[in-house]
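Enquirer: the following comprises the amino acid sequence and a computationally predicted model.
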Amino acid sequence: MTEPAEVALAKPGIAAAAPPNAGEHGKVAVSPPNAGLSVPSIKRPEPNPSTHRWLVDGAILLLVIISGITWWATHQTPDVQYVSVPVSRGPITRMVTATGTVNPVLTIIVGSYVSGVIQETSCDYNTKVKKDQVCAKLDPRPYQSVVNQDQANLDVATAQLEKDKAVGRYTQISFERNRQLASRNYVSQDIADTARSANEQARAQVTLDGATIDLRRAELGSANVNLGYTNIVSPVDGTVVSRNVTVGQTVAATFQTPTLFLIASDLTKMQVDTNVSESDIGSVLEGDKAHFSVDAFPGRVFEGAVVQVRQSPQTVQNVVTYDVVVAIDNGDLALKPGMTASTQIVTDERTDVLRVPDQALRYVPSGTVTAKPGAARIWVLQDGVPVEVAVTVGLDDDSMTEVVSGAVNPGDLAITAEIRAATATAIPGPKL
């Protein structure tokens, strides 16, 4: 069997030539790789120790910087800014706030005692009236007819009295005559007794006629009164604030007196009827000053005084209030009846006293515990540092508080609040 021929593989680009000394049996001798060819050798670079150290040092430095930033962000102390208000001198006023309605001091309800048809009216809204001035008139004819009847009855009773007096005079004469005749036995005693009885009856009839005349006269007077009620008159001097009738309207006064007019006695004198809650009524006294405002004049303050604290409670949905009357002068007639008044009643006041804001008494620096929790103290800003000062307080008007005693002076900065800078967000450290 023939052996396989050995083939020498050449590198790419290099032609393989059969050597001249090829042996027998077809074998070919392969020359060494570098035989007859010059090829440059490639040497692998060795690592530089200095470069490797520089990279390690840079990574460590970066880690230290990141750790420092993280610690600074998580452990820095926030800046504190104090809000302060200067201690001052001025007035302090304690007030009770209430809502009320402006009303005339005296409002007269003019009605009708009798029924009838309105024949004419002479008063309208805002009409100034005098006492006994006729404002309306009912049809008087039905009542005039009753007056005429009662007058006729009185005349009849008077005529009957005159007639009975004449009869009485006759019976008196007849009795005297029969009494004399009976004493002489010219007539029987029975005739004399009959004459005496007739005389006594005549005198009684005269007395009855007198009483009847009084009765008829009273009936006539009552009829005249009813006739007078057909004239609706003003009982006081004042101003008509309401008119509820018109000409031709029928007024029925059978069960209750209808209201025809409302007359305010004097619109220059008004009052505010306020509703004060039961929690505040204990501090309200007669004579306390008060001021109020109305929506019609938002920039104007009206002055008044408490003239009455009524004892009658008013309960609406379990809320108890008391009516406090505040009198005011309305000389310019600016206030109208029915206006809603926002009233402040002064229950106590101080003038030219040392005062601090209420917030200063409630402020305590963060992380600070006062020596006496129940004592009144304020913190005063001195050279940028809060200093605690014990004080004695007096009147409080829910905004400012009187300082009766304490080591504070006008102009001192009383701290009311503090502002701290927001804590920075912590940066997470590198993961190694």
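Expert: That came through fine.
Enquirer: my read: Asp209 touches Leu161, true?
Expert: Yes: Asp209 lies in contact with Leu161 (Cβ atoms under 8 Å); the separation is 3.6 Å. All C-beta spots, glycine's among them, are computed from the backbone N, C-alpha and C.
Enquirer: helix/strand/coil for Asn275?
Expert: Here Asn275 is strand, with the state taken from DSSP: H, G, I helix; E, B strand; the rest coil.
Enquirer: what about it, distance to Asp323?
Expert: The gap separating Asn275 from Asp323 is 7 Å, by Cβ to Cβ, to the nearest Å.
Enquirer: list residues touching both of the two?
Expert: Gln314 (Cβ atoms under 8 Å, 6 or more residues apart in numbering).
Enquirer: which parts of the stretch 301-432 of the chain are strands?
Expert: Using DSSP state E, counting those that start in this stretch, the strands of the stretch 301-432 of the chain run over residues 319-329, 340-357, 377-382, 385-396, 400-406, 413-420.
Enquirer: so which elements touch the fifth one?
Expert: Spelled out, it's strand 400-406. Applying 3 or more Cβ pairs under 8 Å, 6 or more residues apart in numbering; DSSP states H and E, we find strand 400-406 packed against strand 88-104, strand 340-357, helix 358-362, strand 385-396.
Enquirer: the same query, at a cut-off of 10 Å, please.
Expert: Packing contacts for strand 400-406, counted by 3 or more Cβ pairs under 10 Å, 6 or more residues apart in numbering; DSSP states H and E, involve strand 88-104, strand 340-357, helix 358-362, strand 377-382, strand 385-396.
Enquirer: dump that strand to CSV, restricted to CA.
Expert: Taking Å, rounded to 0.1, in the frame of the first residue of the first chain, the C-alpha atoms of strand 400-406 are listed here in CSV:
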residue,chain,number,x,y,z
MET,A,400,-51.9,91.8,72.8
THR,A,401,-51.3,91.1,76.5
GLU,A,402,-50.4,93.6,79.2
VAL,A,403,-47.1,93.2,80.9
VAL,A,404,-47.5,94.3,84.6
SER,A,405,-44.0,93.5,85.6
GLY,A,406,-40.8,91.9,84.2
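Enquirer: what's the angle between that strand and strand 385-396?
Expert: 110 degrees (axes from the mean of the first three to the mean of the last three Cα atoms, to 10 degrees).
Enquirer: strand 400-406 pairs with which strands?
Expert: Strand 400-406 has the following strand partners under DSSP bridges: strand 340-357 (antiparallel), strand 385-396 (antiparallel).
Enquirer: would you format the strands of the stretch 301-432 of the chain as JSON lines with mean pLDDT, distance to Pro313 and mean neighbour count included?
Expert: JSON lines is the format used below for the strands of the stretch 301-432 of the chain (pLDDT from 0 to 100; distance: least, Cβ to Cβ, whole Å; neighbours: other Cβ atoms under 10 Å):
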{"stretch": "strand 319-329", "mean pLDDT": "94", "distance to Pro313": "5", "mean neighbour count": "18"}
{"stretch": "strand 340-357", "mean pLDDT": "92", "distance to Pro313": "18", "mean neighbour count": "18"}
{"stretch": "strand 377-382", "mean pLDDT": "89", "distance to Pro313": "41", "mean neighbour count": "19"}
{"stretch": "strand 385-396", "mean pLDDT": "89", "distance to Pro313": "28", "mean neighbour count": "16"}
{"stretch": "strand 400-406", "mean pLDDT": "90", "distance to Pro313": "32", "mean neighbour count": "18"}
{"stretch": "strand 413-420", "mean pLDDT": "88", "distance to Pro313": "40", "mean neighbour count": "16"}
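Enquirer: thanks a lot, catch you later.
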